[in-house]
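J.: Pasting the sequence and the predicted coordinates here, then a few questions.
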Amino acid sequence: MASSFGKDWIAENQRRVKLLSIWYLEDGRDNPEHPKHGLYTGLAILAREGKLSGVLADTGQSTAPLNNGK
């Protein structure tokens, strides 16, 4: 069965997964003692606030898509 999603969508989704994975590690959520261990909730907010911005420089990603015009 062929996917109904285009290559652009797949590439964008892979970019999001990569960023979330990096942010998860940068925030220390891989540590079982972290209060949000196992959760990805709020990571984009932390990046938008600049608390995880170093990762964006490392990946060459822009924060513009995170701001959604805000």
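T.: Okay, I see it.

J.: Now Asp30: closest residue in space, sequence neighbours ignored.
T.: Using CB to CB, 6 or more residues apart in numbering and skipping residues adjacent in sequence, the residue nearest Asp30 is Tyr24, 6.6 Å away. All C-beta spots, glycine's among them, are computed from the backbone N, C-alpha and C.

J.: residues contacting that neighbour?
T.: The contact partners of Tyr24, by CB atoms under 8 Å, 6 or more residues apart in numbering, come to 30, 40, 43.

J.: Likewise for Lys36?
T.: Contacts here follow CB under 8 Å, 6+ apart; on that basis Lys36 touches 27, 29, 42.

J.: Please identify the buried residues of stretch 39-49?
T.: 43-44, 47 (16 or more other CB atoms under 10 Å).

J.: actually stretch 23-37, sorry about that
T.: Buried residues in stretch 23-37, counting neighbours by 16+ other CB under 10 Å, are found at 23-24, 26-27, 29.

J.: could I get these as TSV with secondary structure and pLDDT?
T.: Listed next are the buried residues of stretch 23-37 as TSV, based on DSSP: H, G, I helix; E, B strand; the rest coil; pLDDT from 0 to 100:
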residue	secondary structure	pLDDT
Trp23	helix	90
Tyr24	helix	93
Glu26	helix	91
Asp27	coil	93
Arg29	coil	94
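
J.: Just send those residues back as TSV, with distance to Gln14 too.
T.: Below are the buried residues of stretch 23-37 laid out as TSV (distance: CB to CB, whole Å):
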residue	distance to Gln14
Trp23	15
Tyr24	16
Glu26	19
Asp27	21
Arg29	20
